[in-house]
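S.K.: Based on what follows, work out the 3D shape:
(one chain, ligands or ions: 1)
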Amino acid sequence: MKVPARLVVIGGGPAGLFAALSACSVLKASSFPAVVTVLERNARLGLKLLATGSGQCNITQNASPEEMATHYGDKSRFLLPALKACPPSQVMDRFSAWNLPLVIRGDGKVFPRSLRARDVLDTLQEQCIKAKVEFQRDSRVSALIRENDSFHISIENGTTLVADAVIIATGGLSYPTTGSTGDGYALAKSLGHTIITPHAALTGVYTPQSTLGNLSGISFTPAGLTILTGPEKGRYWSGPLLITHTGISGPLVLNNSRYLTSGDEVSLCFLPHEDGTLRTPLEMESLLKRLIANQGSLQLQTVLHQLDLPKAFISWVLQESGVDGGHKAAEVGKKQLAPIAQALVATRLSVSLKGCLEKAMATAGGVALSEVNRKTMQSQLVEGLYFAGEVLDIDGDTGGYNLQAAWSTGWAAGQAAAVSISTALPK
Ligand SMILES: Cc1cc2nc3c(=O)[nH]c(=O)nc-3n(C[C@H](O)[C@H](O)[C@H](O)COP(=O)(O)OP(=O)(O)OC[C@H]3O[C@@H](n4cnc5c(N)ncnc54)[C@H](O)[C@@H]3O)c2cc1C
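M.R.: Prediction:
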């Protein structure tokens, strides 16, 4: 009896499940007899998906592919074709057609109307079952070999599977308890791929030598962050900043942590201009002088409170600058104003990302994009090998961008892998 063609997807997360569904749609349309198998190391699929959006699952953003593409750091160019082929609108249409009602929030974030990540996972599984996707759970892939136009896939339980095409969708390295422990990097590397060193993204960072932690819970909307040292020196952004008891977080830090490395020095501007551009210490000093000129008889701290910043923060600024806030403002000279201005708009901190990868929401780094076709997600080194999701060197901002990358790359890989087996192999 003739054995049907087999496409194996390694990893049953959002990218893997979308890839399997995508492949099935092509195979069904061409009536090509093939088996699509998802190998998942855990007893259950999609454990990380269940944790997304604090259990509510921010599926995507209601935005155009071009607008979406600006939220992946320097990886926009690579991702755009996949985003165009499977844009947020299509993801939303698909989930809606699969009977998962969605809700679009005012900030553009898209969630299931039930606000239950479980419903997203159940929907994907139901569709996979309908499409006759074969699942093998408790099946951790330990080796992948290409031999005579086929892939030999070794599973930890001792079994081996032969496939005509393989999609690696094993995720990154963060939240390892969900199953993403970087196995895909080793599999890709064994087939010759370069792995860009994985590191934490979408994470708050530690500021071990700073006293900012005393202000834990205080947020600044917006603040500015500039990298002062290292390879990313000179990059700066503004956005909402949150002080935590061990360091700094909030969208400003989360979305740019992909550029930070332990030991980097950064500068925080707690009072940027209204248009988000950063205020320099000299500009700050001038502003303080203007405020004081009008109200010199008041205490310095009373004048500073007019900056509309949290009171505890002003106390911290005065403490850091070594200036007594009880002084009459008119008596405060340049020597004292300069460190205050410095603390307000150019506080220098050293950051640490030690231990951040474990609890980061995404992994930066992964399979080098220069070795992957950006339209099909096919390896440029090994025919029949595809990648999808976070295993690739792609990480997005917070707000549904990472799941959208998983849907889009999964869809592209599934389509291309199915087309390749159905055109390369006889029916
Ligand atoms: C707490 C948290 C909240 C998040 N919230 C959001 C959000 O709201 N919106 C958003 O867009 N993004 C969010 N993200 C990011 C998003 O979850 C990931 O980007 C996404 O899950 C990546 O999908 P993936 O399929 O590539 O990888 P994963 O979801 O990691 O799935 C990979 C799968 O492969 C399996 N696997 C790994 N190795 C093997 C192997 N050797 N053999 C077989 N199977 C294997 C794993 O067990 C896992 O099931 C969040 C992440 C975290 C940690």
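
S.K.: C-alpha only now, for contacts and for neighbours.
M.R.: OK.

S.K.: okay, which residue of the chain is out on the far edge from center?
M.R.: For the chain, the residue at maximal distance from the C-alpha centroid (Cα atoms, centre = their mean) is Ser297, at 50.6 Å.

S.K.: got the contact list for it?
M.R.: 328-330 (Cα atoms under 8 Å, 6 or more residues apart in numbering).

S.K.: thought Trp98 was touching Gln125?
M.R.: No - Trp98 lies out of contact with Gln125 (Cα atoms under 8 Å); the separation is 10.9 Å.

S.K.: which of these two has more neighbours?
M.R.: Gln125 (20 against 14; other Cα atoms under 10 Å).

S.K.: Now do the SS call for the more buried one.
M.R.: Look at Gln125: counting by DSSP: H, G, I helix; E, B strand; the rest coil, its state is helix.

S.K.: what's the answer for the one 4 residues further on, then?
M.R.: On the three-state scheme (three-state DSSP), Ile129 is labelled helix.

S.K.: and Phe151, which of the three is it?
M.R.: strand.

S.K.: Bridge partners for it, pull those for me.
M.R.: Beta-bridge pairing for Phe151 (DSSP bridges): Arg146, Ala163.

S.K.: residue boundaries of the helices in the stretch 301-427 of the chain?
M.R.: According to DSSP state H, counting those that start in this stretch, the stretch 301-427 of the chain carries its helices in the segments 311-321, 334-345, 356-359, 401-424.

S.K.: hmm, back to that, most neighbours among the contacts of Ser297, which one is it?
M.R.: Busiest of the contacts of Ser297 [other Cα under 10 Å] is Ala329, holding 24 neighbours.

S.K.: what about it, distance to the ligand?
M.R.: 47 Å (Cα to the nearest ligand atom, to the nearest Å).

S.K.: try Cys86
M.R.: From Cys86 over to the ligand (counting by Cα to the nearest ligand atom), the distance is 15 Å.

S.K.: what's around the nearest residue in space to that residue that is not next to it in sequence, how many residues?
M.R.: Leaving aside its sequence neighbours, Cys86 sits nearest to Ser408 (Cα to Cα, 6 or more residues apart in numbering; 5.1 Å). Neighbour count for Ser408, taken as other Cα under 10 Å: 29.

S.K.: The helices of the stretch 301-427 of the chain: which one's closest to the ligand?
M.R.: helix 401-424 (3.5 Å; Cα to the nearest ligand atom).

S.K.: in that closest one, what's buried?
M.R.: 401-419, 421-422 (16 or more other Cα atoms under 10 Å).

S.K.: from what I can see Lys75 touches Ile394, true?
M.R.: Yes - Lys75 lies in contact with Ile394 (Cα under 8 Å); the separation is 6.4 Å.

S.K.: So the two - more neighbours on which side?
M.R.: Set side by side, Lys75 and Ile394 show more neighbours around Ile394, with 26 against 16, by other Cα under 10 Å.

S.K.: Break this structure into its domains for me.
M.R.: The chain breaks down by automatic domain parsing into domains covering 5-200+361-424, 205-350.

S.K.: For those, give me TSV that also has mean pLDDT.
M.R.: Below are the domains of the chain laid out as TSV (pLDDT from 0 to 100):
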stretch	mean pLDDT
domain 5-200+361-424	97
domain 205-350	95
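
S.K.: Which stretch among those is buried most, on average?
M.R.: domain 5-200+361-424 (a mean of 21; mean count of other Cα atoms under 10 Å).

S.K.: Which among the helices of the stretch 301-427 of the chain is found nearest to Ile292?
M.R.: helix 334-345 (10.5 Å; Cα to Cα).

S.K.: that older thread, can I get the helices of the stretch 301-427 of the chain in JSON lines with distance to Ser216?
M.R.: What follows is the helices of the stretch 301-427 of the chain, written out as JSON lines (distance: least, Cα to Cα, whole Å):
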{"stretch": "helix 311-321", "distance to Ser216": "10"}
{"stretch": "helix 334-345", "distance to Ser216": "17"}
{"stretch": "helix 356-359", "distance to Ser216": "18"}
{"stretch": "helix 401-424", "distance to Ser216": "28"}
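
S.K.: Which one of the ones you listed lies nearest to Ser238?
M.R.: So among these, helix 334-345 is nearest, using Cα to Cα, at 12.0 Å.

S.K.: With only the CA atoms kept, save that closest one in CSV.
M.R.: Taking Å, rounded to 0.1, in the frame of the first residue of the first chain, the C-alpha atoms of helix 334-345 are listed here in CSV:
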residue,chain,number,x,y,z
LYS,A,334,23.0,76.8,39.8
LYS,A,335,25.2,74.3,41.8
GLN,A,336,22.1,72.9,43.3
LEU,A,337,19.8,73.2,40.3
ALA,A,338,22.1,71.2,38.0
PRO,A,339,21.9,67.9,39.9
ILE,A,340,18.1,68.3,40.3
ALA,A,341,17.7,68.8,36.6
GLN,A,342,20.0,65.9,36.0
ALA,A,343,17.9,63.6,38.3
LEU,A,344,14.7,64.8,36.6
VAL,A,345,15.7,64.2,33.0
